[in-house]
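Engineer: predicted coordinates and the sequence they were generated for:
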Amino acid sequence: MVDSSIKEKLTIPEAWARINYARNEFATYVKTNHIPREELATVIGKTPQYINKLLAGTEKGVAAQINLQKLMEYTQFNGDNFYEGR
């Protein structure tokens, strides 16, 4: 289980920057490893179009971040993650 306790205090812009950096790294990982959007969509029960929006950063909010985290775990992404406990 991921330890989601607060490790350090961040401003809101710093927190979003951390989330966006991790998302960009993950999007690059998906592209580089040729992971099909359809496969990722099946993992979280969404459409490939939703996956495109999620990786592009146009889907935001808590649900989007949870889905992104699930996909990172599913693909065994070892890059930067917005959860400190990872």
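Structural biologist: Perfect, I can see it now. Numbers count the residues shown, from 1 in each chain.

Engineer: for the protein, longest helix please?
Structural biologist: For the chain, the longest helix by residue count, based on DSSP state H, is helix 12-32.

Engineer: and that helix, what does it pack onto?
Structural biologist: When contacts are defined as 3 or more Cβ pairs under 8 Å, 6 or more residues apart in numbering; DSSP states H and E, helix 12-32 sits against helix 48-56, helix 62-74. Glycine gets a C-beta too; all of them are placed from N, C-alpha and C.

Engineer: next, count neighbours for the closest residue to Lys46 other than its chain neighbours.
Structural biologist: Of all residues not flanking Lys46 in the chain, Asn67 sits nearest, at 7.0 Å (Cβ to Cβ, 6 or more residues apart in numbering). Applying other Cβ atoms under 10 Å, we find 20 other residues in the vicinity of Asn67.

Engineer: re the thing from before, kindly export the helix or strand following the longest helix of the chain (C-alpha atoms) in PDB.
Structural biologist: Reading on from helix 12-32 to the C-terminus, the next helix or strand found by DSSP states H and E is helix 37-44. Listed next in PDB are the C-alpha coordinates belonging to helix 37-44 (Å, rounded to 0.1, in the frame of the first residue of the first chain):
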ATOM      1  CA  ARG A  37      -4.200   3.000 -24.700                       C
ATOM      2  CA  GLU A  38      -6.900   0.300 -25.000                       C
ATOM      3  CA  GLU A  39      -5.000  -1.800 -22.500                       C
ATOM      4  CA  LEU A  40      -4.700   1.000 -20.000                       C
ATOM      5  CA  ALA A  41      -8.400   1.900 -20.500                       C
ATOM      6  CA  THR A  42      -9.400  -1.600 -19.500                       C
ATOM      7  CA  VAL A  43      -7.400  -1.500 -16.300                       C
ATOM      8  CA  ILE A  44      -9.400   1.500 -14.900                       C
END
